[in-house]
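**Student:** Give me the fold of what follows.
(5 chains)
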Amino acid sequence: MPYFTKTYHPPGTPPGTLVERAAGAAGALSIRLVDYTDQDYLDKVVDHADECRPYLERDSITWIHFQGAIQAQALRNIGELFDLHALAMEDVMNSGQRPKVDEYEDQLFIVMAMLDVQAPHMKVDQVSVFIGPNYIISFHNGVHDPFDPLRKRLKKRSGRIRSLKADYLLYGIIDLIIDHGFPVLERFGEEIETLEDTLLAAPTRSTLGDIHRLRRELLLLRRMLWPHRDIINYLSRGDNALIGAGTLIYLRDCYDHSIQIMDLLENYRDMAASMHDVYLSSASYRLNDVMRVLTIIATIFIPLTFIAGIYGMNFENPDSPWAMPELGWYYGYPLVLGGMLLIVFGMLFYFRRKAWL
Amino acid sequence: MPYFTKTYHPPGTPPGTLVERAAGAAGALSIRLVDYTDQDYLDKVVDHADECRPYLERDSITWIHFQGAIQAQALRNIGELFDLHALAMEDVMNSGQRPKVDEYEDQLFIVMAMLDVQAPHMKVDQVSVFIGPNYIISFHNGVHDPFDPLRKRLKKRSGRIRSLKADYLLYGIIDLIIDHGFPVLERFGEEIETLEDTLLAAPTRSTLGDIHRLRRELLLLRRMLWPHRDIINYLSRGDNALIGAGTLIYLRDCYDHSIQIMDLLENYRDMAASMHDVYLSSASYRLNDVMRVLTIIATIFIPLTFIAGIYGMNFENPDSPWAMPELGWYYGYPLVLGGMLLIVFGMLFYFRRKAWL
Amino acid sequence: MPYFTKTYHPPGTPPGTLVERAAGAAGALSIRLVDYTDQDYLDKVVDHADECRPYLERDSITWIHFQGAIQAQALRNIGELFDLHALAMEDVMNSGQRPKVDEYEDQLFIVMAMLDVQAPHMKVDQVSVFIGPNYIISFHNGVHDPFDPLRKRLKKRSGRIRSLKADYLLYGIIDLIIDHGFPVLERFGEEIETLEDTLLAAPTRSTLGDIHRLRRELLLLRRMLWPHRDIINYLSRGDNALIGAGTLIYLRDCYDHSIQIMDLLENYRDMAASMHDVYLSSASYRLNDVMRVLTIIATIFIPLTFIAGIYGMNFENPDSPWAMPELGWYYGYPLVLGGMLLIVFGMLFYFRRKAWL
Amino acid sequence: MPYFTKTYHPPGTPPGTLVERAAGAAGALSIRLVDYTDQDYLDKVVDHADECRPYLERDSITWIHFQGAIQAQALRNIGELFDLHALAMEDVMNSGQRPKVDEYEDQLFIVMAMLDVQAPHMKVDQVSVFIGPNYIISFHNGVHDPFDPLRKRLKKRSGRIRSLKADYLLYGIIDLIIDHGFPVLERFGEEIETLEDTLLAAPTRSTLGDIHRLRRELLLLRRMLWPHRDIINYLSRGDNALIGAGTLIYLRDCYDHSIQIMDLLENYRDMAASMHDVYLSSASYRLNDVMRVLTIIATIFIPLTFIAGIYGMNFENPDSPWAMPELGWYYGYPLVLGGMLLIVFGMLFYFRRKAWL
Amino acid sequence: MPYFTKTYHPPGTPPGTLVERAAGAAGALSIRLVDYTDQDYLDKVVDHADECRPYLERDSITWIHFQGAIQAQALRNIGELFDLHALAMEDVMNSGQRPKVDEYEDQLFIVMAMLDVQAPHMKVDQVSVFIGPNYIISFHNGVHDPFDPLRKRLKKRSGRIRSLKADYLLYGIIDLIIDHGFPVLERFGEEIETLEDTLLAAPTRSTLGDIHRLRRELLLLRRMLWPHRDIINYLSRGDNALIGAGTLIYLRDCYDHSIQIMDLLENYRDMAASMHDVYLSSASYRLNDVMRVLTIIATIFIPLTFIAGIYGMNFENPDSPWAMPELGWYYGYPLVLGGMLLIVFGMLFYFRRKAWL
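**Tutor:** Now for the predicted structure:
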């Protein structure tokens, strides 16, 4: 994942401009309409957003979900159809937004970052949600629709989800998004432990790249998830008419989860930084090890080789008693070998005292 | 202890769902009922939670403690029996929660992290407490029941514990949990001092792993204990009807302890980070030492060996006065040896001036 | 860009003094007048500031923009002509100001830092803006006029820009300035990724300088951009009569952008610091690599050379059985070669066990 | 000084329990009574705390000071005699408390950390003070009574100390405790400067231990002194009836001192951390130095030795013109020596260009 | 500049005590009286502080400035003469105070730190200012009187300085003190850039000392200048009768300057810390360079020397076909030389593949 993920207009573009993008890899747009009261439940895929209009006017809770890449023209139509603020539509279009909540007249607009747990590498999609008194309009620019578990609960009437208002559905959506953090963090935790083991046992060159990549991903994750805390805090303050008192206690539970995720992320970041220190210290230690072996070997043999070199010299003056008389001694050779042995033992003794052996 | 210790549901699970877990190592569930007034004291182990119900209705203080691993079905029954909130029950089930306090209608729900001082390695269990006007229901998912000292005090009527309300019992529980931090921190303090001594005297490869493990444990500990401060702060603010004014001064004492523990933890963390620097510097210093020895030995003997090599060459042209005439000199050999000695002393003098000797 | 970019008076100069500067590289001053109502639109380059005076008295929105280097005398005239506060004029003159907003009686004075996206290196210009009920007077000390996109929107009546008051024009200016951060940060993001790749693959000496320069530029950028957040926060608080309620929602959007830019900058700074660690660790690793090769080669050949040296000695006493009898053995030479081979294999085995091979 | 200095009860002990300790090194307990009005001054050593009781009832200011180690039973008696809160008595007993102020009905209880300036190593004692409307009861668990200067001022009537109430005496005590920080910090400042000089000139292995010890002591000091700020801040807020308005200005002066001490401590800590970097960099620099010498020597002589080795080979086939004909050349030897000299000069030139010489 | 610059009394000294100091290097005391109204202006050097008394009673603005070292007795007289608080006088005497503002009945006492821009090394003097409704009494313990520019402005009536009250004069003094930071920071900025260039090009041992000294001076500077922000913030809050509303806007300008100075200092500190990393990385890089050369040379020549050593052995048994038959081969010598060449090229190829060449 690159550092800079935001799409943006050239500076000076009027606010609320929607610019056509190259068709991305996020697949085609699909629209899913869910409409329910305590008694009835309707769930269908529609072709055009216009078909949803009549449901909004009814007294039921209507949830319209747009899944996949959306084109500027389609988005412009949707904005007009459901009377959504142009600034918000721009944020839906320009993915990579910082998560936030904006308050419009009788509407809340929420942008959140959703981790794709099925992706092999870290991947963050954007979920944009509009909530009004009895409807929710949501956009997800990823490949897989993550909200199936919610629809199942709605259909099964599990819990109180059908009997409550749109704010409880919003809680369901937020809770689902937040909780996607746990499997991802669990995976990171295991990765850190594996890295630590490698690091202390036998670090290689690629370990260094792994640590750096880990720090980078944790940093990106933190940037995307940190604002969630503020969003839920804002919603659970209870001063917005759209969020009923009964939902507040559930949002507080969400808030706890979000804090727990940030706590974990901070821990991971601290340990990843510490791993750099360990890598460096470990490399230093191994270097010491290598150098000690070299030094011991060299220090023992260099003087010996020198002595052998001495007696390999060719001084020979038959008239001189000084021309290497040792060479002619009866015990010359064994004496030299003995001297060498003495040097070896002296060295070994010295190294032992220096605790190098 | 792994980094990620929270148990969690798959995202999208309805709030308050209790999922059956594999039977853990925390042993079977045991239920202990304590019921007392200023005059009477009852302490018995019960088989089924239902037996406790009548005591709750009486005017006495009732303390029901569930010790050990609990199954989802049993927990669901307990929740219904004592009318406990489903979200709270989920937190009891899913251990590894961040410590927190939740306020329900006429009930407080508190989650705390309890250090197991008897475990050989760092181990953190979860204590969950519900407090109402005249009862306390507590859960501890560890092996040993840590609350025996409290029951002894209740039985012995030591202090004012029997004459006061449930909030004073709650203080007793919290105080006990917080104070478990002191022996653990004392042990950490000793471990750090031992590590420091090793580090400055003779660090080995395993020292590095020890420092890293220490940083990791301190980080985990900090994550678990930090929220305690907020919990006690919240309770001692005195705006909750369940916490009487007389207990506030005791809670403030608890708060002091909790801050002192955090202060110590921060100090430990700072010193553990500093130990990495010491390790690295110490390794650098030793490397210098090793390299100096190698350099001195090599620098002295390499030129000598070269000279010996020169006079080991086999140039011999009987007609040439240039064919190594030194070899035939009368004093050739002693002159060469003398020259070598001069080189040695020159080197030693140079090294001394460079302060390498 | 140097660290210290502020121009300042000698200490003790009276406040509001305008000192003549050497004519800079920012080009000559040009004055551009824009005057519009919902119906009319006028856009012309004027020669003297005096020509703008009558437009200010009319009921239209008047925007006077001074582009390029300005001389003290000209600035003094402008100040008197439009009744601008002397302290503010000093800030216009002394570029390199910290971005800020000052409130005068019925006027706001805003200083912002504008990134020059066309400059090859990081370059920050200063934009100073005065806003009153129906006029905006702006100064930009750079080479290129960055506000053309705004004038185009005014002329085309795109969006609601013509029907709203001066505060919406101010929003347009601020939005343009803030959004200049995105292309610059995008470029930085790419530069960091390139540096990371170099760092992990094959760092050179210049990589070190690049990392340091990056940290320096990010630091300067942060210093210039950080106060923008406070400025927009101040404006969007809505307690200033000059900023209408309708503009607040747009300023909040600006605020989001400004926070997103700071988030990115902090991430970049963290990663740049981490890159230093990687550089150091990577250098350590490569040193290990180099030393291992040296040690293996040296350790294998030094003993062998010593043995060869031994048998190169010239001990010869025809009478002594101790004078290197090996030299005369029938299998002497192959035995020695065999011994050497044994040593080589022993060494290789030892290194393999040490995992050096 | 160890990291963990707090004495504590086993978890679960009732609050306010006083446990007998082994008689420490702090010497026997001595009780000193000072009782004064504007006119009279009494200063005597008493044997039993009971003798002080009548003075408390009089209209004078009474100051009872307990110096040295105190036993649980004695403390229990004192608590009952003067009606002091059990929780406070526990804090007096269990030294190593975090400095704090507790408010009881008509009493303040203050715990502070006092540096022992006469101790050769860093030593922190605990001072516990109870203040009521007209009395002060203080405990100091160190060896030397530090409050003599105060008693001298009381006796000499220097300043306004005798004409004011107990709160001014409390200020005197606090001021004395705070000001003990200055000589200690002055000593630390000198120690840091000495360490810096050593570090930049000729760091040894023990320098590393000194830096680590310094960081540790500064950390402990910070932990003990940091809360003083909060204590004085609390007292000087002026909302406690025991602290008169006239004393507030003096407490503010104390507060300034306390902040100045913390500022210095933070500076010291920053410099101590920087010293680790200097140590490491300095070690790296010296290693470079050593390695350069080794490399130069080895690189010059290794090729020379190789050449000498070549001409020490024994190829001799009288029939072959290829059998080392150089050995028989007329100028063979001087040519080889000349070639070696060329190599040496080439190397030296190369090293000079690399700036290694 | 040493770390610890505060002069202090022994702990236990009564507050407000003035102790005689050894006559410092700050030169003799000189007293300068300035008295002005809108019409009149008087500026004279007086011998005794008493001569200033009558001016204070008049309706004019009176500014008495004490320049240089002051003795305790003189200070005591001044305190009594002008009715200044003893605690404040103690702060005037004991230089090295933390900058602060104290509020007395109808007086403000301000301590600030003034940088001596003319000193070759960093030097910080103390300026102490008392301000009342129509007078200012100031002390400066440095050598040079820094306030001449202010007196010139008063004399020339430049700006509004003569028509306004004492608070505007106070602003003039504070502004002058704050603005002394700019030239000093400009110099630091240049020094950092020079250091950076050295660091990246050719760091020497003294560079390390320079970086450390820089960090130390920046730290001291920060400690002295940081509290200025709080002082000006306090004064510009506008809730003190001595500071008129008209001066507030000028103080806010001062506040901006003070923040800008802190911003720069923080940047400098960050870069100085980063320079340590660069130094270390750069040393590592150069070590790598050195070691690579050594390793290449050694690795190439060690095997060659070994081969030469082999054929320098003296095995000779005329009866044995195994006694180094190679020595007698016709092409023996060229074959060996050729083998050596092969080894050299093999090595070079290997090093090129390892990217060491």
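**Student:** Which residues of chain A lie near chain D?
**Tutor:** A:Gly312 (C-beta under 8 Å from any C-beta of the partner chain). From N, CA and C alone the C-beta is placed, and that goes for glycine too.
**Student:** For A:Thr62, grab the count of nearby residues.
**Tutor:** Using other C-beta atoms under 10 Å in any protein chain shown, A:Thr62 has 23 neighbouring residues.
**Student:** ok, now A:Gln126?
**Tutor:** If you count neighbours by other C-beta under 10 Å, A:Gln126 ends up with 21.
**Student:** hang on, it is in a strand, isn't it?
**Tutor:** Yes: counting by DSSP: H, G, I helix; E, B strand; the rest coil, A:Gln126 is part of a strand.
**Student:** for it, which residues make a bridge with it?
**Tutor:** A:Ala113 (DSSP bridges).
**Student:** for it, what are its contacts?
**Tutor:** A:Ser95, A:Gly96, A:Gln97, A:Val111, A:Met112, A:Ala113, A:Met114, A:Phe139, A:His140, A:Asn141 (C-beta atoms under 8 Å, 6 or more residues apart in numbering or on different chains).
**Student:** Show the pLDDT at it.
**Tutor:** For A:Gln126, the pLDDT comes out at 94.
**Student:** From chain C, how far off is it?
**Tutor:** Using C-beta to the nearest C-beta, to the nearest Å, A:Gln126 is found at 13 Å from chain C.
**Student:** Buried ones among the contacts of A:Gln126?
**Tutor:** Buried subset of those (neighbour count, 16 or more other C-beta atoms under 10 Å in any protein chain shown): A:Ser95, A:Gly96, A:Gln97, A:Val111, A:Met112, A:Ala113, A:Met114, A:Phe139, A:His140, A:Asn141.
**Student:** How about chain A: which residue is closest to chain B?
**Tutor:** A:Pro149 (2.8 Å; C-beta to the nearest C-beta).
**Student:** any idea how far that residue is from A:Cys254?
**Tutor:** 16 Å (C-beta to C-beta, to the nearest Å).
**Student:** re earlier: and which of the contacts of A:Gln126 is nearest to chain D?
**Tutor:** Among those, A:Ala113 lies closest to chain D (C-beta to the nearest C-beta), at 35.8 Å.
**Student:** List the contacts of A:Ser258.
**Tutor:** With C-beta under 8 Å, 6+ apart, A:Ser258 has these contacts: A:Ile178, A:Gly181, A:Leu225, A:His228, A:Arg229, A:Ile232.
**Student:** From the contact counts, what lies against the helix or strand where the first one lies?
**Tutor:** So that's A:Ile178. Secondary structure from DSSP states H and E places A:Ile178 in helix A:166-179. Here helix A:166-179 touches strand A:61-67, strand A:107-115, strand A:124-131, strand A:135-140, helix A:148-156, helix A:205-235, helix A:245-310, going by 3 or more C-beta pairs under 8 Å, 6 or more residues apart in numbering or on different chains; DSSP states H and E.
**Student:** Quick check: which of these is nearest to B:Arg269?
**Tutor:** The closest of these to B:Arg269 is helix A:245-310. By C-beta to C-beta, the value is 8.8 Å.
**Student:** Show me how chain A divides into domains.
**Tutor:** A:30-281, A:285-353 (automatic domain parsing).
**Student:** The residue in the stretch 201-350 of chain A that chain C sits nearest to: neighbour count?
**Tutor:** Per C-beta to the nearest C-beta, A:Ala308 is where the stretch 201-350 of chain A lies closest to chain C, at 3.3 Å. Using other C-beta under 10 Å, A:Ala308 has 26 neighbouring residues.
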